Structures are given as structure tokens and as C-alpha cells.
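# Fold the stuff below for me.
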Amino acid sequence: MADGERKLANGGTRIDFQTDPSRYRHWKLKVDGDVATLLMDVDEKGALFEGYELKLNSYDLGVDIELADAMDRLRFEHPQVKVVLLRSAKPRVFCAGANIRMLAGATHAHKVNFCKFTNETRNGIEDASEHSGVKTICVINGTAAGGGYELALAADHIMLVDDGSSAVSLPELPLLAVLPGTGGLTRVTDKRKVRRDHADFFCTTEEGIKGKRAVEWRLVDEVVPGSKLEATVVARAKEFAGKPARHGEAKGIALKPLQRERTENSVEYSVVSVELRRAERLAVITLHGPETLPPTSLDEMLALGSDFWPLRIARELDDAVLDIRLNEFDTAAIVFKTLGDPAQVLAYDAFLDTHADHWLVREIRHCWKRVLKRVDLTSRSLVALIEPGSCFAGTLAELAFATDRSYMLIGNREGDNKVPATIALADVNFGRYPMSNGLSRLASRFLGSPADLEKAGAARGQMLDAEAAAALGLVTFALDDIDWEDEVRIFLQERASFSPDGLTGLEANLRFGGPETMESKIFARLTAWQNWIFQRPNAVGEAGALRRYGTGQRPDYDMKRV
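Residues are numbered from 1 along each chain as shown. Reported below is the predicted structural model:
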């Protein structure tokens, strides 16, 4: 936990991203055939940290951890669901957005990572719509302010009750001197295509927009009189559910709790290991390849459920990355290593390719896509060390391509009988796991040299040694045993000595070359602008808007435009 941050509630020592519906305090998940209802009913006393209450369905990270879990369970445990109704259990309020007291008292690092996680969760809602056929209808009965409206913006369809008081708003600028932190500005213009002048008015007025104007300005899809709301909700759900079933009569699989053993300086999962070298400001994540051959049939895969190696390792990696993000702020770099047989990894990729149309295979691949994007967006220096005995092949090779630098050892170390390091490419590396910019990591790597991308494609399936991998541009440096230790040590020490702020800006810019998408815009604007605004006195200073909100005192702004 960073210095000066509020204490976690109930004596907690780390933020935990694992939960399940039996432990939800803020959401109620109900599944009725092909329609699910996610009811937001935030427990005022259920704050993640001490020192504030979650009134009016305002939320903190704990609320969003539950929402992210619920969306994952809908995709894996309830493949029959085609429509999600996103509703509030509170009268006259849908959601008041991110809790202001929480934001005012949080460290800068927590604020930024809170916004990043909520962005990823809302992107996940849209990903479920696009790739899993899970459409979301948001029913706003009351006010949807700030982050509450940003949550609604992630839905496919927004209904607003027409009662003279229910409204949508993005009041962050006039009230708090910050920007909507969860993609609101981008989704208003790029997704809902609100006219620029209308968007300007909307984002600078405190009271928001209601009724017919909200529809005319594209801020919502329809307004419904209170007397007809429930009937309209039922009709709209039937309309959205009237499309072909997502996965036929498929039965879901249970997402079992992750196995974790934590010590002061390590976390051991079943196939992922994390070593925390705090003195060196490093976290080393080692991923273990499969120990058995892939299943021989889909029935065997379904019987394994969440223990099926590709899904198990994706979930464990995701948890490990989130743990470092929110609990290990002093970590400068994440080192990725692998151990195992690359041929076995490729065999699992081949199994997934063979059964690419099966619902669970599709969900596993989309899960990996989301996890890899989470890695891309993590504000730590990322490095892959490709050593003898490693298995950077197919899906696991994506981690090497996600890093800022990769080092590969030529041959063996003296006295080491492990198999020399190789990299192996597969079809999965050429578009199955797109980045936020819409390109594969290899296509992003070779933006300026399409011919090199073709050469890499021609080498798929081959076990490429260090010199061959370097010749194809797949690693940053191939080093012999004489230079390995010094070169890697110097790089890691240098990285730990640079300004963390400068590194975050550098890496966030360099990782996403090429075209822009709505998703990449959301994260680019968050990193570049909200990161800056969250440190400005006009927002977070003693006389800033975020600190003085609700005190009756007006903020004292430095009025220079910079």
C-alpha cells in the first residue's frame, strides 16, 4: 500500500480481486432463462477503504471488482444469457458515479488505477456484446451522474424514465475540476455520436439532460413514462433476446476460486508464480506450461472446466497483474518468464484452433485477449527473459511481444542441461489477440516493415533459436552466456532509476503505434490527461474542487490556461 493511502476496511492488507456472487455486497445477479438482471444495490457501509460511505449507489473499486466478476460469470457460467438488464435497486437514483470522498482521500496512484480498472470493466461489457452476443440494456430510473452515466454508456441500449427528474450528466468539470475518468467523453462523441456543441454543453452543466432532449441529443435511446417502464423493459428484453441463441443449449462451467498461497515476497498459484524482489523494485512472473497433452475431445475439455490449462493460466495471470498494479506501487518492472515444453503449448493452441467455433473455446480466447490487453495497459516496465527451458510459444509468446524489451539467451549456460531457448509462432499470433489499437502485437511491432511480418508468418510452427528469432526481429537482443547477466542487470537497474512518471508516459505512447480506436483513445486520454489533471492544485490541492466538494466553500482556481 502506498504511503498516505487510507487504510483498507476491516483490517485488510491487500486489495483482492477475487470474489463470487455469494460474497457480493453491492450487486445482485439473477438469471432467468436468456435474460439476466444485474441490480446495483451498493452497501453504504461496504466501502473498500475506511473514511467514507457509498451513498446513492456511488462506487469505489470494490463495487467494480464485483461487476467485473459478474460479467465474467455470465460469459462462462451462463452461456444461455443473451440480454443483461442493468438496473438500480435504489429509488430515484441509478448511480451517483465514483465516490467523491474516496477520490478526494485516495493517493494519485490509486485514483489512476481505479479509473483504469473501471475502463477495462466497461470495455469488457462492450466486448461481451460484440463477441459473445451478450447485449446490455441499461434502465435509468433516477439520476445517472458522472461514472454512473459512463456505466450506462457501455450498454447497447439506454432507457431513461420520463418523470421530470431523471437525468443523465457528466458534471466532473464544473463540480470537481477533473474529467470523466471512464471513457465518458470518448463514448459520447465516438460511440453515441453526440454533436460536438451539444457535448460541450452537456459536459459543462451540473444538472444534466433529461426527457426528450436526452433522446434528441443521442444521450439515451428512449425515454419511457414511469407507468409504462416495466412493460417496456420486458418488451425491449424480448426484442434483444429474439436473436439466435448464443451457444445453443450449452451448459456453462463454474469459475472455481483460484488457488493462491501468499508469503511476504511471493504468490504461488497452480501454474503461475510471482516473486517480489522489492529491494530491486522487481516482480518476476513465471508461467508454467501444461504438464499433460490437451484433451482428446470437447467433452474432456468441458469436464475440466476452469481447470483447463489455457483458462486456468489466463485467470491466474490476470489476478497476478492486478495484484501488482494495485498493491505493489513501488515495483518498477515486471519480468515475464516461462517454464515448460513449447510443443505442448502449441498443442493446446492447435486444439483451440480445431474447435474454434465451440462456445467455451471462443470465451477462453476472448479471456486471453482481455488479459493481454490488461498487460499492455499496466504502468510498469515490461521485459521478457527467454532462457533455456522456457516455452514462449503461441499464446505464451504474446507476452514476449507485449513487453517493452525482450532478451533471449543464445545456447546454454555452462553446466545447465536445460533445452536451449526457442520461440515458436502459431496462427494465434497473427490476429487472434488484437491490442487496443485493433492490430496484432506482431503487426504493431512491424508497422514500418510489412515484409518482416510476412517473414515471421512464414516461420510459424518452427522452433526458432535465439539467433533466428533475432534475425526475424522477434526479440530485442540475443545474448550469449558471457554477456547475459551484465546486460540484463544493467537494464533492470537503469529502469528502476528513471522517473516513474516519465516511464509511464513513454511506455504508454510507444506501446500503441498505428491506428486509433475508441478503446485506444479512452486509455490514451486517461493516461495523458486525467493523470495530469489528478495532480493539479485546481483539482486536488487544499483549495481544489475535489477537496472542497460538499463543504460549502468554492474552489480557488489558478486561472492560467496551460
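
# From here on, just use CA atoms for contacts and neighbour counts.
OK.

# Nearest residue to residue 14 in space, ignoring adjacent ones along the chain?
residue 327 (6.2 Å; CA to CA, 6 or more residues apart in numbering).

# Could you report the distance from that neighbour to residue 109?
10 Å (CA to CA, to the nearest Å).

# contacting residues for the closest residue to residue 460 other than its chain neighbours?
Ranked by CA to CA, 6+ apart and with sequence neighbours excluded, the top spatial neighbour of residue 460 is residue 425, at 4.5 Å. Counting by CA atoms under 8 Å, 6 or more residues apart in numbering, residue 425 touches 393-394, 397, 456-457, 459-462.

# With pLDDT as added columns, please give these in CSV.
Listed next are the contacts of residue 425 as CSV, based on pLDDT from 0 to 100:
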residue, pLDDT
393, 98
394, 98
397, 98
456, 98
457, 97
459, 98
460, 96
461, 95
462, 97
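
# Among these, which one sits closest to residue 132?
The shortest gap between residue 132 and any of those belongs to residue 394, at 23.2 Å (CA to CA).

# Residue 430 is in contact with that closest one, correct?
No. Using CA atoms under 8 Å, residue 394 makes no contact with residue 430, being 9.8 Å away.

# Below-threshold pLDDT in this structure: ranges please.
For the chain, the stretches with pLDDT under 70 are 1-5, 244-248, 525-528.

# Pick out the residue nearest the middle of it.
residue 120 (3.3 Å; CA atoms, centre = their mean).

# Identify the residue nearest residue 369 in space, chain neighbours excluded?
Using CA to CA, 6+ apart, the nearest residue to residue 369 is residue 433, at 4.8 Å.

# List phi and psi for that neighbour.
With angles defined as degrees, to the nearest 10, residue 433 sits at phi -120, psi 70.

# Counting neighbours, what do you get for it?
Burial of residue 433 is recorded as 23 neighbouring residues (other CA atoms under 10 Å).

# need the contact list for it.
365-366, 368-369, 372, 440-441.

# Give me the distance between it and residue 397.
Shown here: residue 433 relative to residue 397, a distance of 11 Å by CA to CA.

# So what's the residue count around the residue lying closest to the residue nearest to the centre of the chain once chain neighbours are set aside?
Of all residues not flanking residue 120 in the chain, residue 374 sits nearest, at 7.7 Å (CA to CA, 6+ apart). Using other CA under 10 Å, residue 374 has 19 neighbouring residues.

# pretty sure residue 374 belongs to a strand, no?
No. Per DSSP: H, G, I helix; E, B strand; the rest coil, residue 374 lies outside any strand segment and is helix.

# any idea how far it is from residue 266?
Counting by CA to CA - residue 374 and residue 266 are separated by 21 Å.

# rewinding a little: which of the contacts of residue 425 are buried?
393-394, 397, 456-457, 459-461 (16 or more other CA atoms under 10 Å).

# Which of those fall within helices?
Taking DSSP state H, the ones among those that sit in helices are 397, 456-457.

# In CSV: those, plus distance to residue 476.
Shown next, in CSV, are those (distance: CA to CA, whole Å):
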residue, distance to residue 476
397, 14
456, 15
457, 18
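
# quick one: which of the residues you listed is nearest residue 69?
Among those, residue 397 lies closest to residue 69 (CA to CA), at 26.8 Å.

# what's the distance between the residue lying farthest from the centre of the chain and residue 408?
Largest separation from the mean C-alpha position in the chain: residue 415, at 42.0 Å (CA atoms, centre = their mean). Relative to residue 408, residue 415 is positioned 18 Å away (CA to CA).

# And the next helix or strand past the lengthiest helix in the chain?
The longest helix of the chain (DSSP H) is helix 108-132. Heading C-terminal from helix 108-132, the first helix or strand you meet, by DSSP states H and E, is strand 135-140.
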